[in-house]
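A.B. asks: have a look; sequence and predicted model below, questions after that.
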Amino acid sequence: MAELPTYRFAPAFEAPTGSAIRELFKYLSQPGMISFAGGYPPPALFDRQGLAEASERALREAPVDCLQYAATEGLPMLREQLQALMQRRGAEVALDELMVTTGSQQGLDLLIKVLLSPGDRVLVERPTYPATLQALRLAGVQPVGVATDGEGLATDALREQLAGERPGRFRLLYCVPNFANPTGACLPMTRRLELLALAAEHDFLIIEDDPYGALRFAGDPVPSLLALQHQVPGAAGRVVHLSSLSKIVAPGLRVGWMVAPVPVRQRCTIAKQTVDLCTSPWAQRIAAEYLAAGSLERHLPLLVAGYRAKAERMLAGLARLGRQFEMTAPQGGMFIWGRCSGGVQASALFTQAVAQNVLFVPGQAFFGDEPDPQALRLSFAAPDLAAIDDGLARLQRAFEAL
Ligand SMILES: Cc1ncc(COP(=O)(O)O)c(C=O)c1O
């Protein structure tokens, strides 16, 4: 084969690092592996019948909608369905503020393009969702960690952190207030209001990333930052909300959405024109048919019950590990965040866990700065109850091997 020329890459891609979680995928092919690693919905809980019916209706009733290009903002039918979904979630949203995105991941990417320049600094929870850290870094933007605890973003710590800074120093704050990835924490109402007040005082926008909010299996719902912004003086227009059908219907649809103030939404539409022109209209129409038929409302309780059972099983099993492992019980979502005690490093436990055929994600991947070497993330979403029991027995053996 001929020798390849020397390629000249854009500076951010000269020596990029890929997703640390994707690096773990190679272990998944190990026969008999039980994975607590990915944030993958369980295949057994996909609403195959509901989606098959929606697919069939989409192509029969709207073949042109499915097969033709669509407006960049999304199919009107889907935008209307998502508007109604947002209303059921307690947020009144104008259609002009809502656009469909190819997963919520694209929403984040568009916002970075539209709102940030290289050298900007963005506040993120510490720890946070790794793909956000990666997207910021590839854009030359510096993520700056804000402390979190079992209830999510520590607004007191944020207030102190911001005290010495001039307003406008940080353009954005990115957070996952509901059942965060990786911590599973849900931000209480008082902290939500405090965060909105800080955004007004220090002149920054908040990106509220909410793929997991509908997966609440314990406790009472807390209104979104999007819904609360009008209660806090100066905070209206400071929230951009991202959400997705990935975790509640199917990630394979690649249908997410953004709710943003019109000037931001308009610019994201222009940015999206150069990325994919539009989210797959076929997938959009299937999603719209699925929502219009009330299938999500019918299926969601099943999904939530499934997650509740899995979370309870995993929490009970982890409690049996005793003092070796400290964790906070989540009230929803897919993740349990914990720390090994006694100075045990998550990376050392990971090596033993792979030998025992069980996977988790060492906490390192979730920090933009100094990682907590003892922290790790476990997901109870994908394995069934028997696999959870089995996987935890293996984890116990991995601890013993240390
Ligand atoms: C916090 C968070 N945001 C966004 C995403 C991406 O979701 P989507 O499939 O909608 O792009 C994920 C997926 O794991 C996530 O955990």
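C.D. replies: Sure thing, it's come through.

A.B. asks: give me every residue that touches residue 313.
C.D. replies: 380, 385, 388-389 (C-beta atoms under 8 Å, 6 or more residues apart in numbering). (Each C-beta comes from the backbone N, C-alpha and C, glycine too.)

A.B. asks: got phi/psi on the residue in the stretch 251-400 of the chain positioned nearest to the ligand?
C.D. replies: Across the stretch 251-400 of the chain, the shortest distance to the ligand (C-beta to the nearest ligand atom) belongs to residue 256, at 4.1 Å. Backbone torsions of residue 256, given as degrees, to the nearest 10, read phi -130, psi -180.

A.B. asks: is residue 340 in a bridge, and if so with what?
C.D. replies: The residues listed as beta-bridge partners of residue 340 by DSSP bridges are residue 325.

A.B. asks: and it, how many neighbours does it have?
C.D. replies: Using other C-beta atoms under 10 Å, residue 340 is surrounded by 21 other residues.

A.B. asks: same question for residue 94.
C.D. replies: Residue 94, neighbours per other C-beta under 10 Å, totals 11.

A.B. asks: could you shift the numbering so residue one becomes 75, and keep it that way?
C.D. replies: Sure thing, new numbering starts at 75, so read that last one as residue 168.

A.B. asks: close to the ligand: what parts of the chain are there?
C.D. replies: 113, 177-179, 203, 250, 255, 283, 285, 318, 320, 325, 330 (C-beta under 6 Å from any ligand atom).

A.B. asks: repeat that for 8 Å
C.D. replies: Residues of the chain lying close to the ligand (C-beta under 8 Å from any ligand atom) are 113, 175-182, 203, 205-206, 250, 254-255, 283, 285-286, 316-321, 325, 328-330.

A.B. asks: give the buried subset of those residues as a PyMOL selection command.
C.D. replies: To isolate the buried members of the residues of the chain next to the ligand in PyMOL, using 16 or more other C-beta atoms under 10 Å:
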select buried, resi 113+175+176+177+178+179+180+181+182+203+206+250+254+255+283+285+286+316+317+318+319+320+321+325+328+329+330
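
A.B. asks: surely residue 160 and residue 333 touch.
C.D. replies: Yes. Between residue 160 and residue 333 there is a contact under C-beta atoms under 8 Å: 6.5 Å.

A.B. asks: what is in contact with these two at once?
C.D. replies: In contact with both residue 160 and residue 333: 167, 172, 300, using C-beta under 8 Å, 6+ apart.

A.B. asks: any of these buried? List them.
C.D. replies: Here, 16+ other C-beta under 10 Å leaves 167, 172, 300 buried among the shared contacts of residue 160 and residue 333.

A.B. asks: inside strands: which ones of those residues?
C.D. replies: Those of those mapping onto strands are residue 172, per DSSP state E.

A.B. asks: want to throw the buried ones among the shared contacts of residue 160 and residue 333 into JSON lines with distance to residue 94?
C.D. replies: Below are those laid out as JSON lines (distance: C-beta to C-beta, whole Å):
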{"residue": "167", "distance to residue 94": "35"}
{"residue": "172", "distance to residue 94": "33"}
{"residue": "300", "distance to residue 94": "30"}
